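Enquirer: Generate a structure from the sequence data that follows.
(chains A and B)
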Amino acid sequence: MTFKKISLIVIIATASLIAGFLYHQLSLSNNNSQTDLLYELNLTDSKEQKKDLAQYKNDWLMINFWATWCAPCREEIPELNDFFKTKKIKLIGIALDDVDSVKKFTKKIPIKYPSYIIDDINGVKLSRSLGNDRGVLPFTVIINPKNEVSQVFYGKVKIAELNQYLKEVLSQ
Amino acid sequence: MTKIQRFFSNITFFAMVLLSHLALADGIFNSSKNNFLPVDDAFSIAGIEPINTNEINVSFKIAENYYLYKSKFEIISTPKTEVTLELPLGKTKEDEYFGKQEVFYKNVLVKLKTKEPLISYDLKIKFQGCSELGLCYPPTVRKLNINDKTKIQSRTLDSEISHDSNSLNSDKFIASVLSLFLAGLLLSLTPCVLPMVPVLSAVILGSNQSRAKLLTITYVFGVTSTYTLLGIIAGLTGNLLSSSLQNTYFIYMTSFLFFIFALAMFNVFQIRLPSAMTNMFNNLSNKFNSKNLLSTFMLGFLSALILSPCVAPPLAASILYIGQTENYIFGGLSLFSLSLGMSVPLILVGFSLGQFLPKPGSWMDLIKQLMGFILIGMAIYILRPVLNESLFFALLAINSIGAFLFAIGQKKHFANKTKGGLKTILILLLGVSLLFSYLSFKSDQNKNHYNRLTQFQQVQTINDLDHHIEQAKGQIIMIDYYADWCVACLEYEKYTFANPEVMSLMQSFHLIQIDVTENNKEHQKLLKRYGLFGPPGIIFYNQNGEHLKSLDIVGFKNAKDFKELLIKIKNDI
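Expert: Next up is the predicted model:
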């Protein structure tokens, strides 16, 4: 084996190592592009006003995906209202529903935190982009100030669990 | 072979090596996924049956504990037409917000009727459902393929087992069988299979082409029969083994055995049949020297046993693996595909009347040694339950980097003609190493997602246990016997308790864990209390503080079964 060939192998190996390392770094930073779709959205809120979600960037944020046709989601709302009062973290609700159904629902059970409305198809897309790989509801996600998904909850959130988690991450 | 031919054969071969690795990696991935049913598994279209030109039946299969709302079924047709939907009477479900709702469990048959022939429309069905576990799925739209008169192949049949991470699911099944075929192909390129070539050449010598083909097939059939038989035996006897060896020591032992097999591939020593047996088979095969089909078959059958000195280690490794799956059909199929892969050069020789022969050379030794690295990889794979995910992939990465460096070291043995092939191997090994290193980093990254949120109260003495049971009256109690050295316990932690659905069900239970790792006298008393011989064991108490003896669990239960049991306990009480 000539010196030329050895050096060629070494160069190729180093190059691919560097490429692999960069790819790894890239895929890590992809974590925050996970939330790109979210912050680009302009959604209708419960007062039928369009709002940019970019306002929630760079801060802790908890999003609860729900719908009026989803019984466990409805059951969860009063608990989330109570949780919201403790002001531990910003909380918003996103309903995969139509405006009328949400209005009718909030007349019965008011939602204390800002809530937005999105259609099924885009709502599923959004929740999937935030880690809801099975497309289930309710689905709750916590996003950190680096705009990365930090925790997800499938189904109803156990408030005790949530508080425990927030205690750990927020104290850091 | 021309340069181009060689280039292509090299490429295909290395692509296969990579594929077999990917198949392995894929298996690793699947088992760590969460067990929530994807919507297509929760609600699947099991069949579409045309009744006449204007009418079809669509049958839905609904997973256990999942249901579909009757009022949410909808047909979307393009171009628009009137479609009548006929649905059976569902079960009534009380919904505090919408009032009484009709829902379907297990399965439902939807009848579609139109005025004009259905074939002229593009039909989609919309449905929506939830799960008893406190989950809903957004409305889902699926296309109905009615042009096709045949029943739609349903995914549901697979899904019943594919969510069970520990038994063989069909995907894993196919991946394993395929990987073994590729392993066989790899083996065929080692000096292992070569001794069979002259035997076969002798058989087909002087025959015309069609006769030669027939003889080759018969011979290969003989070879594969031997292996298939071995596989079936391995699958059957594995049954006897595994239940008594539910212990981490067994994992270490098997892993160590694989490591030994790997050393044999590096020529540290040789594993082969005792010479007395080889001689016996030799004498037998001499009797089958005539050129009729039966003799050729027997010759193939026997030469598989005699003429494979270095096939032994990977074969033994495969047999060990099959034994653990306790499935003789899988065993037979696996070794059949392994031997079929091995027989590819034989088929090539036979069909080309001996014109094509792979040129022996040091590249064959390299492949043999690379097989050794694959076996080390298997040894690491076996250790997976006792390793953390990140370390597991790190070890695999180190192993493939080792293979890479080893292959570089072999460069001087290569003639200029075969150097291209070596380069391809090197690049592939590098790729595999990078993949594993990446996974190693990534699994650390993911650690948060698999956080165990369930909290067990640790108990160490009988008095303590009684005290806990007394205090937890009014709650359902689950007592889990655990030990560090118990494989099934580790699997419970890793697969069953970590499952989000199980986790959320367990939240409402009072959870007690008894760690009997030390196995001291008090531990033995604690085990004896419920008549357990050892961990794992799970005991349930109802709200009145009564031990539900019929529901004692001894041994491993996967997330799906465990979840069902928890739901049953919750509903019954």
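Enquirer: just the strands in the stretch 51-200 of chain B please.
Expert: B:55-62, B:66-69, B:74-78, B:83-86, B:91-95, B:99-105, B:107-114, B:122-127, B:129-131, B:135-136, B:140-144 (DSSP state E, counting those that start in this stretch).
Enquirer: Of these, which is nearest chain A?
Expert: The closest approach between chain A and any of these, judged by Cβ to the nearest Cβ, belongs to strand B:135-136 at 3.7 Å. Backbone N, C-alpha and C define where each C-beta goes, glycine included.
Enquirer: Provide a list of residues in contact with residue A:94.
Expert: With Cβ atoms under 8 Å, 6 or more residues apart in numbering or on different chains as the criterion, the residues that contact residue A:94 are A:43, A:63-66, A:115-118, A:123, A:126-127.
Enquirer: Please identify the deepest-packed of the strands of the stretch 51-200 of chain B.
Expert: strand B:135-136 (a mean of 24; mean count of other Cβ atoms under 10 Å in any protein chain shown).
Enquirer: thinking again about what came up before, output the strands of the stretch 51-200 of chain B in JSON lines; the columns should cover mean pLDDT and distance to chain A.
Expert: Written out in JSON lines, the entries for these read as follows (pLDDT from 0 to 100; distance: least, Cβ to the nearest Cβ, whole Å):
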{"stretch": "strand B:55-62", "mean pLDDT": "88", "distance to chain A": "15"}
{"stretch": "strand B:66-69", "mean pLDDT": "91", "distance to chain A": "8"}
{"stretch": "strand B:74-78", "mean pLDDT": "84", "distance to chain A": "12"}
{"stretch": "strand B:83-86", "mean pLDDT": "86", "distance to chain A": "18"}
{"stretch": "strand B:91-95", "mean pLDDT": "84", "distance to chain A": "6"}
{"stretch": "strand B:99-105", "mean pLDDT": "87", "distance to chain A": "9"}
{"stretch": "strand B:107-114", "mean pLDDT": "88", "distance to chain A": "18"}
{"stretch": "strand B:122-127", "mean pLDDT": "86", "distance to chain A": "10"}
{"stretch": "strand B:129-131", "mean pLDDT": "88", "distance to chain A": "7"}
{"stretch": "strand B:135-136", "mean pLDDT": "86", "distance to chain A": "4"}
{"stretch": "strand B:140-144", "mean pLDDT": "83", "distance to chain A": "8"}
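Enquirer: ok, and the closest non-adjacent residue to residue B:526?
Expert: The shortest distance from residue B:526 to any residue that is not its chain neighbour, by Cβ to Cβ, 6 or more residues apart in numbering or on different chains, is 5.5 Å, and that residue is residue B:514.
Enquirer: so is the one you found in a helix, a strand, or just coil?
Expert: Using DSSP: H, G, I helix; E, B strand; the rest coil, the structure places residue B:514 in strand.
Enquirer: What residues are recorded as beta-bridge partners of it?
Expert: Judged by DSSP bridges, the bridge partners of residue B:514 are residue B:459, residue B:481.
Enquirer: so it makes contact with residue B:524?
Expert: No - Residue B:514 lies out of contact with residue B:524 (Cβ atoms under 8 Å); the separation is 11.6 Å.
Enquirer: Would you mind measuring from the closest residue to residue B:559 other than its chain neighbours to chain A?
Expert: Once its chain neighbours are removed from consideration, residue B:559 has its nearest residue in residue B:499; the separation is 3.8 Å (Cβ to Cβ, 6+ apart). According to Cβ to the nearest Cβ, to the nearest Å, residue B:499 stands 11 Å off from chain A.
Enquirer: just checking, residue B:499 touches residue B:563?
Expert: Yes - Residue B:499 is in contact with residue B:563 according to Cβ under 8 Å; the separation is 7.0 Å.
Enquirer: Where does residue A:146 sit: helix, strand or coil?
Expert: coil.
Enquirer: tell me, how many neighbours does it end up with?
Expert: The number of residues packed near residue A:146 is 11, by other Cβ atoms under 10 Å in any protein chain shown.
Enquirer: The one 4 residues further on too?
Expert: By the criterion of other Cβ under 10 Å, residue A:150 has 19 neighbours.
Enquirer: And for the closest residue in space to it that isn't next to it in sequence, the neighbour number?
Expert: With sequence-adjacent residues excluded and distances taken as Cβ to Cβ, 6+ apart, residue A:150 is closest to residue A:144, at 4.3 Å. The burial metric for residue A:144, expressed as a neighbour count using other Cβ under 10 Å, is 18.
Enquirer: Now the phi/psi pair for residue A:144, please.
Expert: Residue A:144 has phi and psi values of phi -90, psi 170 when expressed as degrees, to the nearest 10.
Enquirer: quick revisit: to what extent is the residue nearest to residue B:559 buried, counted in neighbours?
Expert: Quick note: residue B:499 (other Cβ under 10 Å) scores 23 neighbours.
Enquirer: The residue in the stretch 251-400 of chain B positioned nearest to chain A sits in which helix or strand?
Expert: In the stretch 251-400 of chain B, the residue found nearest to chain A is residue B:397; the distance is 10.7 Å by Cβ to the nearest Cβ. Assigned by DSSP states H and E, residue B:397 falls within helix B:389-409.
Enquirer: All set now, cheers.
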